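> the following comprises the amino acid sequence and a computationally predicted model.
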There are 2 protein chains.
Amino acid sequence: MTMTSMSPDLQDIDVPALTPAMALAGDTVRPSGSLHDELLVGLRDYIVEGHLADGARIPERQLCERFGISRTPLREALKVLAAEGLIELLPNRGARVRQLDAEELRELFDVMGGLEALAGRLACEHISDAEVAEIERVHHDMYRFYLRREMHGYFQCNQAIHRMIVEAAGNAALSATYASFAGRIRRVRYSANLAKERDRWGEAMREHELILDALRRRAGSELSDILFLHLRNKRRAAQAETLA
Amino acid sequence: MTMTSMSPDLQDIDVPALTPAMALAGDTVRPSGSLHDELLVGLRDYIVEGHLADGARIPERQLCERFGISRTPLREALKVLAAEGLIELLPNRGARVRQLDAEELRELFDVMGGLEALAGRLACEHISDAEVAEIERVHHDMYRFYLRREMHGYFQCNQAIHRMIVEAAGNAALSATYASFAGRIRRVRYSANLAKERDRWGEAMREHELILDALRRRAGSELSDILFLHLRNKRRAAQAETLA
DNA sequence: GTCGATCTTTTTGCATTCATTTTTTGGGAA
DNA sequence: TTCCCAAAAAATGAATGCAAAAAGATCGAC
């Protein structure tokens, strides 16, 4: 199994899947549920979606007006987001969007890799033939997009596959943790050198062949390795681009 | 590599290591840092240490008096702990210590296994000969405790080894996540059937031989597998006890 | 003109207060 | 006695108020 220079898997770089979603971002509307929870989700999306500049200061007052609430629930939400690692809270100096340097980004990617590796391993224990067939179907769709060089469709399929693997693991704690890390990485905007990525596209596609094959054979340990290296190489490619 | 009925690794069941520590639990003293952060650490330890009954309701007022603060910072801390999964916040019905059923415990153990697997893999990439030698030294200490049937010393060494592996991974995000999950599991009190565990002790010891061997050879993928199964079997033994 | 200090303004951290919901309690009827 | 409903008590969710710290502005010295 040689996979030393795999493609970055463009898709999940841009949309690492499994985010809580449901953006009410900046809207005063709150359909149901407690105010705090709605605010938390809304604020998280607001930040993940990149509405706030990287490293920019976040005045509480401004966000209060933005969301139409008082400071108390906002501050509670900020504390949670800080604990999640999305923002940082400097003592007496307010909140700011957490800036990720290359090293931190490397760490997050590796953890994502570890989580996907775990997901693959667990999926092999539980997944049904029907679920594998479903992934296979999306895989073939993805391949067609690849042949037609339609990146967007390819991205969607790729994302769906990774999401399905995580879901197939049947572990809520894993899904939640994965979603959290995906959100943190999602903020990073890759000034994607598309031409460069296209060169690696073929390798990414071959990688996914390996993934599907291991999944079919329920080879958990092997799939675990593949997925980790998959993410590792994706990170390498992504960082090579941004730093080039 | 057969490791189907490994020992539960008594040690890290009881003390899964890497917790933030620094228990001021219930003391009004706060040496330095912001009040909120100190409170958060103190409250987390207070809960992790098991001072609150499982599933018990947590009246805010009572905790406020306990820590000598008003409800605002306390509620902020509770929101964070809820996000961490340590407690649950029912709308309008307050906080209670999160009760873990067998299924959730299984999930947490599997994620811990995945994180340790990742740690082992990363450690193999970075670890120096000196660090391996250090782990080896503790391993031998542990072996001596095993021969003398001194469980406490064995526990300490075992814990130290796992902690050193995670640290050797050199990934702060991983360490933090690992610590969080360790805290959640740590609350679970195992009515340890020690006699039963002693029977599996030998296998646990042999398991650690495999871990050390893989680490020496920097066999990341292999170590990854061993550590995951190690945790998996530990969980099996632990649950077999509590449910027996 | 630039640098530095002091005063003002803004912002943060926490306590307190208010409204709403839940829980408890007390009384009455079957 | 037991069950049920209403009222009181308590707890939660959120807003406001206040003191302290930081950011910004104004003035003065060099």
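Perfect, I can see it now.

> give me the mean pLDDT for stretch A:42-51.
For stretch A:42-51, mean pLDDT rounds to 92.

> if you look at that stretch, does any of it touch DNA strand D?
No. Stretch A:42-51 is not in contact with DNA strand D by CB under 7 Å from any atom of the strand; minimum separation 12.4 Å. For the C-beta atoms, the positions are set from N, CA and C on the backbone; glycine is no exception.

> and A:S34, what pLDDT?
pLDDT for A:S34: 72.

> number of residues surrounding it?
14 (other CB atoms under 10 Å in any protein chain shown).

> ok, now which ones touch it?
B:P91 (CB atoms under 8 Å, 6 or more residues apart in numbering or on different chains).

> how about the residues of chain A by DNA strand D?
So far as CB under 7 Å from any atom of the strand goes, chain A lies against DNA strand D at A:S34, A:L35, A:H36, A:I69, A:S70, A:R71, A:T72, A:P73, A:P91, A:N92, A:R93.

> buried subset of those as a ChimeraX selection?
Here is the ChimeraX command that selects the buried residues among the residues of chain A next to DNA strand D (16 or more other CB atoms under 10 Å in any protein chain shown):
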select /A:36,69,73
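
> what is the burial count for whichever residue of chain A sits closest to DNA strand C?
Residue nearest to DNA strand C within chain A: A:G94 (2.9 Å; CB to the nearest atom of the strand). Neighbour count of A:G94, defined by other CB under 10 Å: 14.

> how about the residue nearest to it when sequence neighbours are not counted, what does it touch?
Beyond its immediate neighbours in the sequence, the residue positioned closest to A:G94 (CB to CB, 6 or more residues apart in numbering or on different chains) is A:R57, lying 5.9 Å away. Taking CB under 8 Å, 6+ apart, we find A:R57 in contact with A:G94, A:A95, A:R96.

> now those residues in TSV, with distance to A:M142, pLDDT and secondary structure?
What follows is these, written out as TSV (distance: CB to CB, whole Å; pLDDT from 0 to 100; DSSP: H, G, I helix; E, B strand; the rest coil):
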residue	distance to A:M142	pLDDT	secondary structure
A:G94	44	92	strand
A:A95	39	94	strand
A:R96	38	94	strand
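
> which residues touch the closest residue to A:F67 other than its chain neighbours?
In this structure, A:F67 finds its nearest non-sequential neighbour in A:L39, 6.0 Å apart by CB to CB, 6+ apart. Applying CB under 8 Å, 6+ apart to A:L39 gives the contacts A:R30, A:F67, A:I69, A:P73, A:L74, A:A77.

> kindly report the same for A:F145.
Counting by CB under 8 Å, 6+ apart, A:F145 has contacts A:M151, A:G153, A:Y154, A:C157.

> for A:D213, give me its contacts.
Counting by CB under 8 Å, 6+ apart, A:D213 has no contacts.

> what are the bridge partners for the residue of chain A closest to DNA strand C, then?
Using DSSP bridges, the beta-bridge partners of A:G94 come out as A:L90.

> that one is in contact with A:A56, isn't it?
No. If you go by CB atoms under 8 Å, A:G94 and A:A56 don't touch, sitting 10.6 Å apart.

> the lengthiest helix in chain A and chain B in contact?
The residue-count maximum for a helix in chain A (DSSP state H) belongs to helix A:102-126. Yes. Judged by CB under 8 Å from any CB of the partner chain, helix A:102-126 comes into contact with chain B at A:E104, A:E107, A:L108, A:D110, A:V111, A:G113, A:G114, A:L115, A:A117, A:L118, A:R121, A:L122.

> angle of that helix against helix B:102-126?
Counting by axes from the mean of the first three to the mean of the last three CA atoms, to 10 degrees, helix A:102-126 points 130 degrees away from the direction of helix B:102-126.

> out of the contacts of A:F145, give me the one that has the most neighbours.
A:Y154 (24 neighbours).

> same question for the strand or helix carrying A:M205: list its buried residues.
Counting by DSSP states H and E, the secondary-structure element that holds A:M205 is helix A:194-216. Neighbour counts over helix A:194-216 (16+ other CB under 10 Å) mark A:197, A:200-201, A:203-205, A:207-208, A:210-212, A:214-216 as buried.

> same list (these) but as TSV, adding distance to A:H126 and pLDDT.
Output for the buried residues of helix A:194-216, formatted as TSV (distance: CB to CB, whole Å; pLDDT from 0 to 100):
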residue	distance to A:H126	pLDDT
A:E197	33	67
A:R200	32	82
A:W201	31	87
A:E203	29	90
A:A204	26	91
A:M205	26	93
A:E207	23	95
A:H208	21	97
A:L210	20	98
A:I211	17	98
A:L212	17	98
A:A214	15	98
A:L215	12	98
A:R216	15	98
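
> wait, A:L81 sits on A:D45?
No. Between A:L81 and A:D45 there is no contact under CB under 8 Å: 11.0 Å.

> which of the two has more neighbours?
Just comparing A:L81 and A:D45: by other CB under 10 Å the higher neighbour count belongs to A:L81, 25 against 19.

> part of a helix, is that one?
Yes. Assessed by DSSP: H, G, I helix; E, B strand; the rest coil, A:L81 belongs to a helix.

> once you drop chain neighbours, what's closest to it?
Per CB to CB, 6+ apart, closest to A:L81 is A:I87, 5.0 Å.

> may I have the phi/psi pair for the one you found?
Dihedral angles of A:I87 (phi, psi; degrees, to the nearest 10) stand at phi -130, psi 170.
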